[in-house]
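Participant: The following block contains a protein sequence and its predicted model.
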Amino acid sequence: MKLPNLNEARKRSNSEVDYIYLNQNYNENTFKGQKYFLRTYGCQMNVHDGEEIAARLESLGLIVTDTIEEADVVILNTCAIRENAHDKLYGFLGRCKHEKEKNNPNLIIGICGCMAQEEGVVNDLIKKHPYVDIVFGTHNIHELQDLLIKRNGKQNIEVYSCEGNVYENVSYKRDSNIKAWVNIQYGCDKFCTYCIVPYTRGKQRSRKSKEIIKEVECLVKNGYKEVTLLGQNVNAYGKELDNELSFAELLKKVSETGIERIRFVTSHPWDFTDDMINTISECSNIMPYIHLPLQSGSSRILKLMGRRYTKEEYLELYNKIRNTIPNCSITTDIIVGFPNESDEDFNETLEVAEYCKYDSAFTFIYSPREGTPAAKMDDKIDMETKEKRLHRLNEVINKYSLEANKKYLNKIVPVLIEGISEKDPNKVFGYTDTMKLVNVSNAQDKIGKIINVEITDAKSFSLDGKAI
Ligand code: SAH
Ligand code: SF4
Ligand code: F3S
């Protein structure tokens, strides 16, 4: 039994990161014929962790099911970024508890992901949810098989709040055979004052570039068309290592593998270099699409958030990107209602949104996270005001999303076709190089290919087109 500890999670020492090359083999008969149900919430990193969890479950002989009722093992891979994540966990637990009590007393229930790293959550699972069998965190996904095999009828909680290591030789059951996530860096050292991630994911640790390149080369060999390089601050890649490539150099190396499309998330404006911008503009397989979180347009709030840039510095970077990569699409994240955000502060956010005319944006109401500095700030702004601000901001964001999409009307653009459209089985869907979702008619046989599409209609969140 190992419980998460907030003070441990907060620590950052100079201790070296261990690069651990896993060599794990499991007997596929252990759970043969049994089924697992896996639900993942949260960011791309968690989604990719979900692909690791699936591979680990299948290494024991489990096969996937999409209903809890059919499952022998259910795993909930949680996200802790905002309070509503908690509601999702407890809703899910209610369903699992019911299933275990009424229909399947042998059901194994597992909780993992970022919420499993939270002290309060785990204490609650111990006290109020004894029917949960296993809890493991973001640092020890590789122990999942052992946790399942060595169950002894007691609740087993194994959550480490260590700063974190880097594991290699990890297998994934990838959701797609066209595009793939590739971790380049784990954890985060930025400690933005509102954010839980540095506590749930440990310190920033970069993978060795030769391992990243090896993985991408292998994906190319297996016919993958697109990789998305993952990290909380991809542009700080390699900074904590001696003799490692910078992010711009890594991008160039990944570009040389010949993979058709390269994307990356998330860029922190603070570490964004001219080299990066030039590399993106020079390499045709690095997609002209940058997610550049703003968070707030007020330098006063940005300072309180610990974001390390001012509104002016953000705008300077924005302009540099626009001028060097003219067709680049730029998206963002914005938080409204940070403690004591004034009308003036909020208006500055609106002004930046008006100026940047983002292709799209994720917008959130600030949600206090236990243990973070911002959660201790006293806040005089009521929820109604925050909701009104979110609504107002979304109006501006949606206006420009539609405007940006309308620029595509009647144009012919390359689209990587990924699969059958959910809304219309006669259409397929895919993304432009600039990350616009397009529903395409006339291209049923083009899944996995990059084709030219003429855009026939533009909405706020997607485009329609026909293959030509
Ligand atoms: N590493 C990325 C962000 C990861 S979290 C970056 O630095 O940009 C994704 C988004 O969730 C953040 O960009 C932020 O807008 C939002 N977010 C994070 N913590 C939040 C909180 N406490 N309340 C509301 N939104 C939050
Ligand atoms: Fe959170 Fe800031 Fe790190 Fe992004 S950079 S994960 S917002 S602490
Ligand atoms: Fe959520 Fe953890 Fe990602 S808190 S956003 S799943 S890093």
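Facilitator: In hand now; what should we look at? Ligands and ions are numbered 1, 2, ... in the order given.
Participant: contacts and neighbour counts: CA atoms only from here.
Facilitator: Will do.
Participant: Next to ligand 2, which bits of the stretch 201-350 of the chain? Give me the list.
Facilitator: Counting by Cα under 6 Å from any ligand atom, the stretch 201-350 of the chain comes close to ligand 2 at Q232.
Participant: Looking at the stretch 251-400 of the chain, what residue ends up closest to ligand 3?
Facilitator: R369 (10.2 Å; Cα to the nearest ligand atom).
Participant: From C96, how far out is the residue of the chain most remote from its centre?
Facilitator: Computed with Cα atoms, centre = their mean, the residue of the chain farthest from its C-alpha average is K102, at 35.4 Å. Using Cα to Cα, to the nearest Å, K102 is found at 10 Å from C96.
Participant: same question, E28
Facilitator: Taken as Cα to Cα, the span from E28 to C96 is 26 Å.
Participant: N319 too?
Facilitator: Distance from N319 to C96, by Cα to Cα: 50 Å.
Participant: And for the residue nearest to Y224 when sequence neighbours are not counted, the neighbour number?
Facilitator: Nearest residue to Y224 in three dimensions, chain neighbours excluded: I178, at 4.7 Å (Cα to Cα, 6 or more residues apart in numbering). If you count neighbours by other Cα atoms under 10 Å, I178 ends up with 21.
Participant: which residues touch I178?
Facilitator: 223-226, 418, 448 (Cα atoms under 8 Å, 6 or more residues apart in numbering).
Participant: Could you list the contact residues of the stretch 101-250 of the chain toward ligand 3?
Facilitator: With Cα under 6 Å from any ligand atom as the criterion, the stretch 101-250 of the chain meets ligand 3 at residues 114, 197.
Participant: where are the low-confidence patches of the stretch 101-250 of the chain?
Facilitator: The model of the stretch 101-250 of the chain has no residue with pLDDT under 70.
Participant: mind listing the strands for the stretch 351-468 of the chain?
Facilitator: 360-365, 412-420, 427-432, 437-441, 450-458, 463-467 (DSSP state E, counting those that start in this stretch).
Participant: picking that back up, check the contacts of I178 and tell me the two furthest apart.
Facilitator: The span of the contacts of I178, defined through Cα to Cα, is set by G223 and E418 at 13.2 Å.
Participant: Look at the two and report which has more neighbours.
Facilitator: Set G223 next to E418 and count neighbours by other Cα under 10 Å: E418 wins out with 19 against 13.
Participant: from memory that one sits against K427, does it?
Facilitator: No: counting by Cα atoms under 8 Å, E418 does not reach K427; the two are 11.1 Å apart.
Participant: just to revisit the earlier point, which one of the contacts of I178 is nearest ligand 2?
Facilitator: Looking across the contacts of I178 and measuring by Cα to the nearest ligand atom, the closest to ligand 2 is E226, at 23.8 Å.
Participant: isn't that closest one right next to E260, touching?
Facilitator: Yes: between E226 and E260 there is a contact under Cα under 8 Å: 6.0 Å.
Participant: which residues of this structure fall in helices?
Facilitator: 6-10, 44-58, 84-102, 119-128, 144-149, 197-201, 209-221, 247-256, 274-282, 299-305, 311-324, 343-356, 383-406 (DSSP state H).
Participant: Tell me which of these approaches ligand 1 most closely.
Facilitator: It's helix 197-201; of those, that one is closest to ligand 1 (Cα to the nearest ligand atom) at 7.2 Å.
Participant: List the buried residues in the closest one.
Facilitator: 197-201 (16 or more other Cα atoms under 10 Å).
Participant: quick one: stretch 344-352 near ligand 1?
Facilitator: No: applying Cα under 6 Å from any ligand atom, one finds stretch 344-352 separated from ligand 1 by no less than 12.9 Å.
Participant: how far out from the middle of the chain is that stretch?
Facilitator: 27 Å (Cα atoms, centre = their mean, to the nearest Å).
Participant: which residues touch it?
Facilitator: 296-298, 300-301, 336, 389, 393, 396.
Participant: does the residue of the stretch 251-400 of the chain closest to ligand 3 really touch N84, like I thought?
Facilitator: No: at 11.2 Å, R369 does not count as touching N84 under the criterion of Cα under 8 Å.
Participant: Among those two, which residue is more densely surrounded?
Facilitator: Between R369 and N84, counted using other Cα under 10 Å, the more crowded position is R369 (18 against 11).
Participant: For the closest residue to that one other than its chain neighbours, give its distance to T363.
Facilitator: The spatial neighbour of R369 that comes closest, neighbours along the chain excluded (Cα to Cα, 6+ apart), is A375 at 5.8 Å. Note on A375: its distance to T363, by Cα to Cα, is 19 Å.
Participant: One more: L393?
Facilitator: Taken as Cα to Cα, the span from L393 to T363 is 8 Å.
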